[in-house]
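Undergrad: build me a model:
(one chain, ligands or ions: 1)
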Amino acid sequence: MGYKTKEWRNSMRVTLDYNNMTDTFLGAQGFTAKKLASFNRKATAAFRYVQENRGKDELYMGWTELPYNQDEIVADILATAKEIRNKFQYFVVLGIGGSALGPIMAFNALCHLHYNDLPKAKRKGPKFYVEDNVDPVRMRDLLDVIDPAKTCFNVVSKSGATSETMTQYLIILDLLKKAGVDVKENVIFTTDEKKGNLKKISDEVGGIKSYILPDGVGGRFSQLCPVGLLPAAVVGIDIKGLLAGAAYMDRVCRYSSMNKNPALMCAVLQIAAMEEGKNIGVMMPYSDNLKFLADWYCQLWAESLGKNVTLDGKPCNVGQTPVKSLGVTDQHSQVQLYTEGPFDKVVTFLSLKKYACEMPIPHGCENIPDVAFLGGHTMEELIQAENAATAYALTKAGRMNYTLWIPELNAFTLGQLLFLFELQTAYAGAMLNINTFNQPGVEEGKKATFALLGKAGYADKKKELDSLPEKNQNCII
Ligand code: PA5
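TA: Numbers count the residues shown, from 1 in each chain. Below is the predicted model of the structure:
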């Protein structure tokens, strides 16, 4: 691995501390060593399943190889991103779900928190927007702040059949036409190589610049392919660092023993907790930059594990509800529930050892000791103290929690986190014996939407919807 020095890479290693899941710290509420050891066989089998199926497109396991097989694509993306930065004032991603949450997450994690408000000279790229809804107000408001002729639109959809994304595309296409702009100049697709509607559209207009969303990579596992890499490169994120971080974590997790493999241990901790009725997994970063990592994780965990049938066809209803929470903000809204409510949660803290800047707290209000004690500290000290204090309070109340320690936030450590969560999800899915990579529950909603909007081929679905019983007016109060 040629990314920086070995010493630097090791100093940036993300580590797991799960002491607060054990009986030593939680008493009767915690896992004994014996209980955890009882997962050894299952965990090793899950590790082997993932290892044996790495890179298999037919199983949607292509994501495991993304840190290693994209040299040419990365070079192309970097060149394109440079052109985009020179040519456009705005960059807009049109996509939803796995095609949007990754770009949003990386942008918020690694760019200035008020990036779009910075003067042009201080930004590394064009103003950046990700449109992942079909709320008409949102589209109107976007169009109020961009000039389509000066905007590069990255339409991201594997299928090209997602109503939300294609609706947005139709609106943009119409605007570009009206402005006399050639769609080929202002639009880039990220889509399937051979099939799907974006491929057809591109062929029809004689070739729109298109990046490939590889066959074996599903939406929620796609941040480390062009879906996430192009938007990231446009705003100046070090995409080689992201991939190097993912490869580093892959190596860290090369062990079949859960005691040496943090992603496997995280999967075991969550599955063991779920077996004890902890059906809510709270992801709580103590960093505004990581707020949307929690969003991205929620999709990964929810859509991958929420299934009703096992791989051998047996009915099941499994999954754990992921909840996003932001430290310290949500200490003042949710932590009361986490500390004293039902014993149904596991809290994952994402904790920074070092923030990107220091913010000293000046001395003042010397006559008011309640306030004066803050002076002379830094905001970093305060947020870290609050993080430690919340972990302590939860532990004291017998609530399961563990921490992923991040030396500092950069492309390399973010890449590690992404790969750790992807591996954790794949291991957990294997332990639950479900298909981690499909999403039939989402497909059903997509079909019902098609039927409601009269799409050809969905007449039967429309009949199914129409055959619902009449609404009981007594239930509408
Ligand atoms: O994770 C997934 O597979 C989904 O969230 C998809 O990304 C989402 O439904 C969008 O699909 P598509 O890329 O086909 O437009």
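Undergrad: list the contacts of stretch 82-90.
TA: 91, 124-129, 146-147, 150-152, 186, 234, 236 (C-beta atoms under 8 Å, 6 or more residues apart in numbering). Where C-beta positions appear, they are placed from N, C-alpha and C, glycine not excepted.
Undergrad: burial of the residue of the stretch 51-200 of the chain found nearest the ligand, as a residue count?
TA: Of all residues in the stretch 51-200 of the chain, residue 97 sits closest to the ligand, at 2.3 Å by C-beta to the nearest ligand atom. By other C-beta atoms under 10 Å, the residues close to residue 97 number 22.
Undergrad: and it, what's its pLDDT?
TA: You'll see residue 97 listed with a pLDDT of 94.
Undergrad: pretty sure it contacts residue 222?
TA: No: at 9.9 Å, residue 97 and residue 222 do not qualify as touching, with contact defined as C-beta atoms under 8 Å.
Undergrad: if we can go back for a sec, inside helices: which ones of the contacts of stretch 82-90?
TA: 186, 234 (DSSP state H).
Undergrad: just the contacts of stretch 82-90: which are in strands?
TA: Among these, the residues falling in strands (DSSP state E) are 91, 127-129, 151-152.
Undergrad: now those residues as TSV including pLDDT, distance to the ligand and neighbour count?
TA: What follows is the ones in strands among the contacts of stretch 82-90, written out as TSV (pLDDT from 0 to 100; distance: C-beta to the nearest ligand atom, whole Å; neighbours: other C-beta atoms under 10 Å):
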residue	pLDDT	distance to the ligand	neighbour count
91	98	19	26
127	98	24	20
128	98	20	19
129	98	18	21
151	98	20	23
152	98	19	24
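Undergrad: turn those into a markdown table, columns for distance to residue 432.
TA: A markdown table is the format used below for those (distance: C-beta to C-beta, whole Å):
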| residue | distance to residue 432 |
| --- | --- |
| 91 | 38 |
| 127 | 42 |
| 128 | 37 |
| 129 | 37 |
| 151 | 43 |
| 152 | 41 |
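Undergrad: where does residue 1 land on pLDDT?
TA: On the pLDDT scale, residue 1 is placed at 59.
Undergrad: who's in contact with residue 327?
TA: 284-287, 349, 383, 386-387, 390.
Undergrad: ramachandran angles for the closest residue to it other than its chain neighbours?
TA: Spatial nearest neighbour of residue 327, excluding adjacent residues (C-beta to C-beta, 6 or more residues apart in numbering): residue 286 at 3.7 Å. The phi/psi pair for residue 286 (degrees, to the nearest 10) reads phi -100, psi 60.
Undergrad: circling back to that earlier point, how much space between the residue nearest to the residue of the stretch 51-200 of the chain closest to the ligand when sequence neighbours are not counted and the ligand?
TA: Among residues not flanking residue 97 along the chain, residue 219 sits closest, at 5.3 Å (C-beta to C-beta, 6+ apart). Relative to the ligand, residue 219 is positioned 2 Å away (C-beta to the nearest ligand atom, to the nearest Å).
Undergrad: these two touch, right, residue 219 and residue 165?
TA: No: distance between residue 219 and residue 165: 11.0 Å, which falls outside the contact criterion (C-beta under 8 Å).
Undergrad: common neighbours of these two, please.
TA: Residues touching both residue 219 and residue 165 by C-beta under 8 Å, 6+ apart: residue 99.
Undergrad: OK, contacts around the spatially most central residue of the chain?
TA: The centroid of the chain falls nearest to residue 296 when counting by C-alpha atoms, centre = their mean (2.1 Å). Contact analysis of residue 296 by C-beta under 8 Å, 6+ apart lists 101-102, 104-105, 223.
Undergrad: which of those residues has the most neighbours?
TA: Counting neighbours by other C-beta under 10 Å, residue 102 comes out on top of these with 31 neighbours.
Undergrad: is any residue of the helix or strand harbouring that residue near the ligand?
TA: Remark: residue 102 resides in helix 101-110, with elements defined by DSSP states H and E. No: Helix 101-110 is not in contact with the ligand by C-beta under 6 Å from any ligand atom; minimum separation 7.8 Å.
Undergrad: how about the residue of the stretch 251-400 of the chain found nearest the ligand: what's its closest non-neighbour residue?
TA: Using C-beta to the nearest ligand atom, the closest approach of the stretch 251-400 of the chain to the ligand is made by residue 303 at 5.5 Å. Counting by C-beta to C-beta, 6+ apart, residue 439 is the residue found nearest to residue 303 once chain neighbours are left out, at 5.1 Å.
Undergrad: correct me, but the one you found touches residue 300?
TA: No: here residue 439 does not reach residue 300: they are 11.3 Å apart, not a contact under C-beta under 8 Å.
Undergrad: for those two, indicate the residue with more neighbours.
TA: residue 300 (24 against 21).
Undergrad: flag every buried residue along stretch 331-351.
TA: Of the residues in stretch 331-351, 331, 334-335, 338-339, 344-351 count as buried by neighbour count, 16 or more other C-beta atoms under 10 Å.
Undergrad: how about stretch 137-149?
TA: Applying 16+ other C-beta under 10 Å to stretch 137-149 flags 139, 142, 146, 148-149 as buried.
Undergrad: same list (those residues) but as a markdown table, adding distance to the ligand.
TA: Listed next are the buried residues of stretch 137-149 as a markdown table, based on distance: C-beta to the nearest ligand atom, whole Å:
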| residue | distance to the ligand |
| --- | --- |
| 139 | 17 |
| 142 | 19 |
| 146 | 22 |
| 148 | 21 |
| 149 | 26 |
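Undergrad: switch those over to CSV; also include pLDDT.
TA: Formatted as CSV, the buried residues of stretch 137-149 follow (pLDDT from 0 to 100):
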residue, pLDDT
139, 97
142, 98
146, 97
148, 97
149, 97
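Undergrad: of those, which is the nearest to residue 308?
TA: residue 139 (34.4 Å; C-beta to C-beta).
Undergrad: ok, that closest one touching residue 171?
TA: Yes: shown here, residue 139 and residue 171 form a contact pair, counting by C-beta under 8 Å, at 6.4 Å.
Undergrad: now the strands: where do they sit in the stretch 201-350 of the chain?
TA: With DSSP state E, counting those that start in this stretch, the ranges of strands along the stretch 201-350 of the chain come out as 210-212, 280-285, 307-309, 315-318, 321-324, 345-354.
Undergrad: what's the burial count for the nearest residue to residue 441 once chain neighbours are set aside?
TA: Spatial nearest neighbour of residue 441, excluding adjacent residues (C-beta to C-beta, 6+ apart): residue 306 at 6.9 Å. Using other C-beta under 10 Å, residue 306 has 17 neighbouring residues.
Undergrad: contacting residues for residue 306?
TA: Going by C-beta under 8 Å, 6+ apart, residue 306 touches 318-319, 441.
Undergrad: find me the pLDDT at residue 424, would you?
TA: So residue 424 comes in at 98 (pLDDT).
Undergrad: what angle do strand 280-285 and the helix or strand hosting it make with each other?
TA: Residue 424 is part of helix 411-432, with elements assigned from DSSP H and E. Angle, helix 411-432 to strand 280-285, by axes from the mean of the first three to the mean of the last three C-alpha atoms, to 10 degrees: 170 degrees.
Undergrad: centre of the chain to helix 411-432, how far?
TA: Computed by C-alpha atoms, centre = their mean, to the nearest Å, the chain-centroid distance of helix 411-432 equals 10 Å.
Undergrad: and if you look at stretch 162-171?
TA: That offset, for stretch 162-171, works out to 22 Å (C-alpha atoms, centre = their mean).
Undergrad: same check on stretch 161-178?
TA: Between the centre of stretch 161-178 and the centre of its chain there are 25 Å (C-alpha atoms, centre = their mean).
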